[in-house]
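Novice: Next comes the sequence, and after it the predicted model I'd like to discuss.
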Amino acid sequence: MPLEIVEVTPLRPERFAEVLPPEGLAAFEQSMARAHELLGSRTIWNVNSTAFGGGVAEMLRSLIGYVRGAGLDGRWAVVEGDAEFFRLTKRLHNRLHGALGDGGPLGNAERIAYESRCAANAAALVEMLRPDDIVILHDPQTAGMVPALKAATDVPVIWRAHIGLDLPNDTAREAWGFLTPYLVDADAYVFSREAFAWEGLDLGRVSVIPPSIDAFSPKNHAMPFTGVTAVLRAAGLAAGRHQPHRAVFERLDGSIGFVERRAQMVEEEELGLDSPLLAQVSRWDALKDPLGVLAAFAEHVRSDQEPHLLLAGPDVRAVTDDPEGAAVFAQAEAAWHELPPDVRRRVHLALLPMDDAEENAVIVNALQRRADVVAQKSLAEGFGLTVAEAMWKGRPVVATRVGGIQDQIEDGRTGYLVEPRDLRAFGERVSELLLDPHAAERMGEAAQARVRELFLGPRHLGQYVDLFERVIADAGSPGAVGAAVRVP
């Protein structure tokens, strides 16, 4: 059977009482009550391309966990694909961001290969569906499943795009042209920003639902300084003696885990815990611009306080749906070797272990909490969950004015926004925060408050309940799904 079914740990929705104000908690409880009344025994199926690595997988693990913890039936399936399929879908991913990527074609041969794989995945899903279920398909890897699902079943099918471009170019429209024919029969489309909605889709079926983070996951739960230190040392991300029994964390299922695996490091010396630190955590993706971060740090971040830079991302051997990761990391490593010696000794590249997703998450948690400033210098971005994650931890973020990052950061209050290619402005903002820890702390506090208000799971789940209500009510009436939901 092509589809992999992902086991998801049920999570207690009641825990949101710890982080939501009373009115927010009351709204969430009302949404969950409506969900029970609306959905009953229906199963909500989510289908994407990977169970590990990347923000979509993280969100699904969390959101489905709370759905299951609330007594509703949420399930998660991962599509099967070979190297050819994932090269093609990565090509589409890049072009949806307006970038050529590998420059390969999107012709008849690619369409035939794409349709064949999507049809096989759809056929496997159809065998598991019941008449009242709802299917949410995520991103380019699943768009081609829509026609087969609609031909074989009457279940509502929603397509959810986590990527997009504020000002589409011909490259993005080429990807739209490839994918749109598969999407015309979907009951609803979900985008992270209103500007991302494609030309050619029925706007009456478009909803805007920004992503969210889980405040209680291993990646985001509170950590004392001693825990941060122990985890970083255990993972090889900080100098000092490692004490295995102290690198401990709570797993999603409530059991205890230990950080046992070490990152693969490219560095001349270990990072001291007292060194001023700029960190970026992201996939090894050219659109995350690791080379730009290296150049901006080397050329424009003031060196009088001897700041360090850490670029961290997943072990490229472990992310099967991103065939370009290894090449991007190799480029970053080559650029590191070319840095002036006095800069190179202060720059660290880390391939984070991926064998245990929750161990990886707690390493990222500790790393973001350790950083004095967090960067997200993307050239294009659907949303950028690492921004909300760092903001939730009270970290000041310097990021680029692209995509959903703009919805998260209020420039000058909850972080700084710079133009994607302006290395000088990026370096100056980083230097400003490193030189004024009190201002950085105030910015971090404002950032955390914004995430609490707008980017936690209860808001996200409530908007999905609204969408399910419209889709169920208007099944078979294209164009009636309703208005977009916007973030202020």
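Specialist: Received it, and whenever you're ready, just let me know what you need.
Novice: Skipping adjacent residues, who's closest to the residue at minimal distance from the centre of the chain in space?
Specialist: For the chain, Gly55 is the residue whose C-alpha lies nearest the centre (Cα atoms, centre = their mean; 2.1 Å). Take Gly55 and drop its neighbours on the chain: the residue closest to it by Cβ to Cβ, 6 or more residues apart in numbering is Leu385, 3.9 Å away. Yep, even glycine has a C-beta here, placed from its N, CA and C like the rest.
Novice: before we move on, what about Ala295?
Specialist: The nearest residue in space to Ala295 (Cβ to Cβ, 6+ apart) is Leu423, at 5.8 Å.
Novice: quick one: contacts for the residue nearest to Gly55?
Specialist: Residues near Leu385 by Cβ atoms under 8 Å, 6 or more residues apart in numbering: Gly55, Glu58, Met59, Pro211, Ile213.
Novice: Could you check the pLDDT of it?
Specialist: Leu385 carries a pLDDT value of 94.
Novice: Quick check: it vs Ala152, distance?
Specialist: 34 Å (Cβ to Cβ, to the nearest Å).
Novice: okay but Pro276 is in contact with Pro307, surely?
Specialist: Yes. Between Pro276 and Pro307 there is a contact at 4.1 Å, judged by Cβ atoms under 8 Å.
Novice: quick one: common contacting residues for those two?
Specialist: With Cβ under 8 Å, 6+ apart as the test, Pro276 and Pro307 both reach Asp372, Leu434.
Novice: who's in contact with the residue lying closest to Arg317 once chain neighbours are set aside?
Specialist: Nearest residue to Arg317 in three dimensions, chain neighbours excluded: Ala326, at 7.5 Å (Cβ to Cβ, 6+ apart). Residues in contact with Ala326, defined by Cβ under 8 Å, 6+ apart, are Trp284, Val316, Arg317.
Novice: Arg130 too?
Specialist: By Cβ under 8 Å, 6+ apart, the neighbours of Arg130 are Arg42, Thr43.
Novice: those helices in the stretch 151-300 of the chain, which residues are they?
Specialist: 170-183, 225-234, 290-300 (DSSP state H, counting those that start in this stretch).
Novice: Next, format those helices as JSON lines and append distance to Ile256.
Specialist: Below are these laid out as JSON lines (distance: least, Cβ to Cβ, whole Å):
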{"stretch": "helix 170-183", "distance to Ile256": "44"}
{"stretch": "helix 225-234", "distance to Ile256": "13"}
{"stretch": "helix 290-300", "distance to Ile256": "34"}
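Novice: between those helices, which one is nearest to Leu106?
Specialist: helix 170-183 (4.8 Å; Cβ to Cβ).
Novice: So for that closest one, what gets flagged as buried?
Specialist: For helix 170-183, burial by neighbour count (16 or more other Cβ atoms under 10 Å) applies to Thr171, Ala172, Arg173, Ala175, Trp176, Phe178, Leu179, Tyr182, Leu183.
Novice: Show me what that helix is packed against.
Specialist: helix 83-96, helix 108-126, helix 140-143, helix 146-152 (3 or more Cβ pairs under 8 Å, 6 or more residues apart in numbering; DSSP states H and E).
Novice: Please repeat the previous calculation with a cut-off of 6 Å.
Specialist: Packed against helix 170-183 by the contact rule (3 or more Cβ pairs under 6 Å, 6 or more residues apart in numbering; DSSP states H and E) you find helix 83-96, helix 140-143, helix 146-152.
Novice: That helix vs helix 108-126, what angle?
Specialist: If you take axes from the mean of the first three to the mean of the last three Cα atoms, to 10 degrees, helix 170-183 sits at 40 degrees to helix 108-126.
Novice: Dump helix 170-183 to PDB, restricted to CA.
Specialist: C-alpha atoms of helix 170-183 as PDB (Å, rounded to 0.1, in the frame of the first residue of the first chain):
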ATOM      1  CA  ASP A 170       5.900  33.900 -14.700                       C
ATOM      2  CA  THR A 171       7.900  31.200 -13.000                       C
ATOM      3  CA  ALA A 172       5.200  30.900 -10.300                       C
ATOM      4  CA  ARG A 173       2.400  31.000 -12.900                       C
ATOM      5  CA  GLU A 174       4.100  28.100 -14.700                       C
ATOM      6  CA  ALA A 175       3.700  26.000 -11.600                       C
ATOM      7  CA  TRP A 176       0.200  27.200 -11.200                       C
ATOM      8  CA  GLY A 177      -0.500  26.200 -14.800                       C
ATOM      9  CA  PHE A 178       0.800  22.700 -14.100                       C
ATOM     10  CA  LEU A 179      -1.200  22.100 -10.900                       C
ATOM     11  CA  THR A 180      -4.500  24.100 -11.400                       C
ATOM     12  CA  PRO A 181      -6.100  21.500 -13.700                       C
ATOM     13  CA  TYR A 182      -6.000  19.000 -10.800                       C
ATOM     14  CA  LEU A 183      -7.500  21.400  -8.300                       C
END
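Novice: Measure how far that helix is from the centre of its chain, please.
Specialist: Computed by Cα atoms, centre = their mean, to the nearest Å, the chain-centroid distance of helix 170-183 equals 22 Å.
Novice: Stretch 122-133 too?
Specialist: The answer for stretch 122-133 is 27 Å, by Cα atoms, centre = their mean.
Novice: Show me what counts as buried in that stretch.
Specialist: Ala122, Ala123, Ala124, Leu125, Val126, Leu129, Asp133.
Novice: Mean confidence (pLDDT) on that stretch, please.
Specialist: Across stretch 122-133, the average pLDDT comes to 96.
Novice: CA atoms only for it, dumped as PDB, please.
Specialist: Extracted in PDB, the C-alpha atoms of stretch 122-133 (Å, rounded to 0.1, in the frame of the first residue of the first chain):
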ATOM      1  CA  ALA A 122      -5.300   8.400  -4.200                       C
ATOM      2  CA  ALA A 123      -6.400   4.800  -4.800                       C
ATOM      3  CA  ALA A 124      -4.800   3.700  -1.600                       C
ATOM      4  CA  LEU A 125      -6.600   6.500   0.300                       C
ATOM      5  CA  VAL A 126     -10.000   5.700  -1.200                       C
ATOM      6  CA  GLU A 127      -9.800   2.200   0.300                       C
ATOM      7  CA  MET A 128      -9.700   3.700   3.800                       C
ATOM      8  CA  LEU A 129     -12.300   6.400   3.300                       C
ATOM      9  CA  ARG A 130     -15.900   6.300   4.600                       C
ATOM     10  CA  PRO A 131     -18.700   8.300   3.000                       C
ATOM     11  CA  ASP A 132     -18.800  11.100   5.700                       C
ATOM     12  CA  ASP A 133     -15.000  11.700   6.000                       C
END
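Novice: okay, now Pro340: neighbour count?
Specialist: 8 (other Cβ atoms under 10 Å).
Novice: do you know how far it is from Ala298?
Specialist: As for Pro340, its distance to Ala298 is 7 Å (criterion: Cβ to Cβ).
Novice: same thing with Ala215?
Specialist: From Ala215 over to Ala298 (counting by Cβ to Cβ), the distance is 35 Å.
Novice: Same check on Ala388?
Specialist: Taken as Cβ to Cβ, the span from Ala388 to Ala298 is 28 Å.
Novice: Identify, from the buried residues of helix 170-183, the entry nearest to Gly40.
Specialist: Leu183 (28.0 Å).
Novice: contacting residues for that closest one?
Specialist: Ala143, Val146, Trp159 (Cβ atoms under 6 Å, 6 or more residues apart in numbering).
Novice: quick one: which of those is nearest Gly24?
Specialist: The closest of these, once distances to Gly24 are taken by Cβ to Cβ, is Trp159, at 29.1 Å.
Novice: The closest one contacts Val135, correct?
Specialist: No. Contact criterion Cβ atoms under 6 Å: Trp159 and Val135 do not qualify, at 9.3 Å.
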